[in-house]
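**Q** Sequence plus predicted model, see below.
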Amino acid sequence: MTAAAGVGRTVRYYREAVGMSQASLGAALGITPQAVSDFEVGKTEITVARLYLIARVLGVSVWRLLGEAPPLPDAV
């Protein structure tokens, strides 16, 4: 699985978890439902700016969408 497909699957998981359709997410982002489908299956890559918007719309962190834990603060 490509990194784009992995992020897309995670977006789909959270989109469905909040009960949002591809059409609703697309409308919130100003893109078509087909564009949402394309990045959910890894056909197209999600830009950093769009990933940030998706995270805000879905109410999750970008780190969650990337499937990673947030970085720890620097040790003092």
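**A** That came through fine.
**Q** could you give the mean pLDDT of the strand or helix carrying residue 13?
**A** Using DSSP states H and E, the element containing residue 13 is helix 3-17. Average pLDDT, helix 3-17: 92.
**Q** which strands and helices sit next to the following helix or strand past it?
**A** Per DSSP H and E, the first helix or strand lying C-terminal to helix 3-17 is helix 22-29. In terms of contacts (3 or more C-beta pairs under 8 Å, 6 or more residues apart in numbering; DSSP states H and E), helix 22-29 is packed against helix 33-40, helix 48-58. No exception for glycine: its C-beta is placed from N, CA and C like everyone else's.
**Q** I'd like the distance between the residue lying closest to residue 23 once chain neighbours are set aside and residue 62.
**A** Residue nearest to residue 23 in three dimensions, not counting chain neighbours: residue 33, with 4.4 Å by C-beta to C-beta, 6 or more residues apart in numbering. Residue 33 is 22 Å from residue 62, where distance means C-beta to C-beta, to the nearest Å.
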